[in-house]
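Trainee: A predicted structure for the sequence below; I have some questions about it.
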There are 2 protein chains.
Amino acid sequence: MLTGDKLNKFSIICDHERKEIESRLNKIIKNRKPSTLYKPGNYILEGGGKRLRPILVLLSAKAVGGSISSFYNAAIAVELLHNFTLVHDDIMDNADKRRGRITLHKKYDLSTAILVGDSLLSVAYEYLLKDCNGNTKEILVTFTKGLVDVCEGQSLDKEYEVLKQVTLKEYLFMIEKKTAAMAEMCCKMGALLGNGSIKEVNDLAKFGRNLGIAFQIQDDLLDIIGNEKEFGKITGGDLVEGKKTFLLLKALEVAKGDDLKKIKLIIKQKGISPELIEEYKNIYLKLGVIEEAKKEIKKYSVKALKSLQVLKNEEDRFILTALADSLIDRSK
Amino acid sequence: MLTGDKLNKFSIICDHERKEIESRLNKIIKNRKPSTLYKPGNYILEGGGKRLRPILVLLSAKAVGGSISSFYNAAIAVELLHNFTLVHDDIMDNADKRRGRITLHKKYDLSTAILVGDSLLSVAYEYLLKDCNGNTKEILVTFTKGLVDVCEGQSLDKEYEVLKQVTLKEYLFMIEKKTAAMAEMCCKMGALLGNGSIKEVNDLAKFGRNLGIAFQIQDDLLDIIGNEKEFGKITGGDLVEGKKTFLLLKALEVAKGDDLKKIKLIIKQKGISPELIEEYKNIYLKLGVIEEAKKEIKKYSVKALKSLQVLKNEEDRFILTALADSLIDRSK
């Protein structure tokens, strides 16, 4: 854990870059024509969020000696790609709300939402290409692999929703594709843009991948131990929806007797009634799956941080360590 | 018009490349995992079609001195991009059939179809990058501009469907984005891949753009004068659907009195009853809009063919001329 001045410096950099990205994002498509396409596109971009992915790109570029200000378009590109997935995922999940606002397909209509997603992706490539002045092919291959993976991950996620049995191994494979591949892509792309060495590029890619896995398991954990107000989601929401999270799948592995029967009910009945959340939280506690999740998060974050040893500059190591800490110890 | 040996040579080349593309397309994603994503993806690729866009890439590359066999991946990429648009457009149009087969979202479901579209696009970039070994940035910028345009064109198309008034100028702008931009992109990309000169690249781009416009107006015309069996669509289908085609918008410009009233009814009532097709065909004939369409097609095809003068090799000029002729004088 980092403290004092260094942590302060990290916060200042992060806040500054987040504001920069926010201000650029809000200008990108606002006034583009046709407005029937780009106005709804701007709606999703205005929705806020942590803007983590673009920050990963920028900090990785800086970490290998690149200049942050040269890569804002590439950073914007990964945020556009992320928003493309949000718009299409919300349709597939038939979600009503996203970050407290009506989802795009509910505010407009299905056709608009499909097309807005497609168009965000097209503009993502357009922006990425603006910042490609050296190893364009490698950068584009990296970005495209992230896109391929995220489509495959989403497909697995939808498939697992209806499958009766999913193993923990399958779940980890899915989140590697759906969440970790995107974080890996951001860090690798940043390192490539900043013209890092092969080892820097590979190690920062690993940092992103392991951080992404830790982040997703932390997300699953926050559903159970998170503070509703901070996390912004209802505690136990995944249980109510019957979502196959790390906790549920781990519980299926270790539970016996009555506990196992109860855990199996979550899947069989496609979720539990909200009154039962407390009971199930206690089962999770008793089975030790909350501790197991914490251990797993620790395992992946240690792996992630180890990859940062490749960085020559101490300050950059600190900044990325602070970013990882803030994500893994987050409460929202 | 070309005849004899040269035309024969064109047919042989086209047939050969079409078969090559077909055989490669059928292998690309068939065995990729997860099969819940790629099996439905393969379904749309198996649906056939003219494979015009990849042929444009290959013939343009050859026309500037490139070797066709080096660019099959790029050719496949544009066909994947085209199929991505088909899958998503079919959802937006709520279409039941595509090339005589059930549409993807009806055969599977909405989520699968959205995701298959996305994933075809991701694999398109993956394949395109395989063939980029020189001017990668320019090639990717060209491909991405085609993608941006096709999204904007589709958005305009959906917007015009519900608008009461659309001018011929607006319609032409829309088809430039939706149809012509894609043909332009294919030809320009082929020329870039084949390492053509700046003039060759620009002139082949113009060839593609003008050919694309001529092709689309021909498509509108075939709805009225086409042979149902050959064209594969019901004559007058656009009238029945109330589609704002070149013919309808031109008719709105030139019609007066009772004719104008009748033409306006097509829009007001969102299409006409099939029994009235003959009557409306006769109005179109009387107003001269069929002749106007033919003139317009001629105008754009002359422009297209003029751009081919840039090509040094006579045989290549002949092949692309034959391709243009076959598209413009087509009956299906």
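Mentor: Alright, I've got the coordinates.
Trainee: excluding its backbone neighbours, what's nearest the residue nearest in space to the middle of chain A?
Mentor: Centroid-nearest residue in chain A: A:Thr179, 5.0 Å away (criterion: CA atoms, centre = their mean). Nearest non-adjacent residue to A:Thr179, counting by CB to CB, 6 or more residues apart in numbering or on different chains: A:Gln216, 4.4 Å away. Where you see a C-beta, it was placed from the backbone N, CA and C, and this is true even at glycine.
Trainee: just to revisit the earlier point, surely the residue nearest to the centre of chain A touches A:Leu156?
Mentor: No. Assessed by CB atoms under 8 Å, A:Thr179 is found out of contact with A:Leu156, at 11.7 Å.
Trainee: using the three-state scheme, assign the residue nearest to the centre of chain A.
Mentor: With DSSP: H, G, I helix; E, B strand; the rest coil as the basis, A:Thr179 sits in helix.
Trainee: residues touching it, list them.
Mentor: A:153, A:212-213, A:215-216 (CB atoms under 8 Å, 6 or more residues apart in numbering or on different chains).
Trainee: closest one of those residues to chain B?
Mentor: A:Gly153 (9.2 Å; CB to the nearest CB).
Trainee: any idea how far that closest one is from B:Ile217?
Mentor: 43 Å (CB to CB, to the nearest Å).
Trainee: would you mind telling me which of these two has more residues around it?
Mentor: Under the criterion of other CB atoms under 10 Å in any protein chain shown, the comparison of A:Gly153 against B:Ile217 puts B:Ile217 first, with 29 against 23.
Trainee: wait, a strand at that one?
Mentor: No. Checked against three-state DSSP, B:Ile217 lies outside a strand; its state is helix.
Trainee: kindly report the residues of the stretch 51-200 of chain A close to chain B.
Mentor: Contacts of the stretch 51-200 of chain A with chain B, taken as CB under 8 Å from any CB of the partner chain, map to A:84, A:88, A:91-92, A:110-112, A:114-115, A:117-119, A:121-123, A:125-126, A:129, A:132-133, A:136-137, A:140-141, A:144-145, A:147-148, A:151-152, A:154-156, A:158-159.
Trainee: ok, of those residues, which come out buried?
Mentor: Neighbour counting with 16 or more other CB atoms under 10 Å in any protein chain shown marks A:84, A:88, A:91-92, A:110-112, A:114-115, A:117-119, A:121-123, A:125-126, A:129, A:132, A:136-137, A:140-141, A:144-145, A:147-148, A:151-152, A:154-156, A:158-159 as buried within these.
Trainee: in strands only, show me these.
Mentor: Of these, none are assigned to strands by DSSP state E.
Trainee: do you know how far the nearest residue to A:Ile175 once chain neighbours are set aside is from A:Ile328?
Mentor: Using CB to CB, 6+ apart and skipping residues adjacent in sequence, the residue nearest A:Ile175 is A:Gln216, 4.5 Å away. Distance of A:Gln216 to A:Ile328, given as CB to CB: 11 Å.
Trainee: those two: who's more crowded?
Mentor: A:Gln216 (23 against 18).
Trainee: check the gap between that one and A:Ile21 for me.
Mentor: From A:Gln216 to A:Ile21 the distance is 22 Å (CB to CB).
Trainee: how about stretch A:303-311: buried residues?
Mentor: A:303-305, A:307-308, A:310-311.
Trainee: what's the closest of the residues you listed to A:Phe71?
Mentor: Of all the buried residues of stretch A:303-311, A:Phe71 sits closest to A:Leu311, with 17.1 Å by CB to CB.
Trainee: got phi/psi on that closest one?
Mentor: phi -80, psi 130 (degrees, to the nearest 10).
Trainee: confirm for me that it is in contact with A:Glu200.
Mentor: Yes. Applying CB under 8 Å, one finds A:Leu311 in contact with A:Glu200, separated by 7.2 Å.
Trainee: who touches both of these two?
Mentor: A:63-64.
Trainee: just for chain A, where's the confidence low?
Mentor: Applying pLDDT under 70 to chain A flags residues A:1-3, A:228-234, A:330-332.
Trainee: what ranges does it have for its strands?
Mentor: A:97-98, A:101-102.
Trainee: partner strands of the last one, with direction?
Mentor: Pairing partners of strand A:101-102, with direction, according to DSSP bridges: strand A:97-98 (antiparallel).
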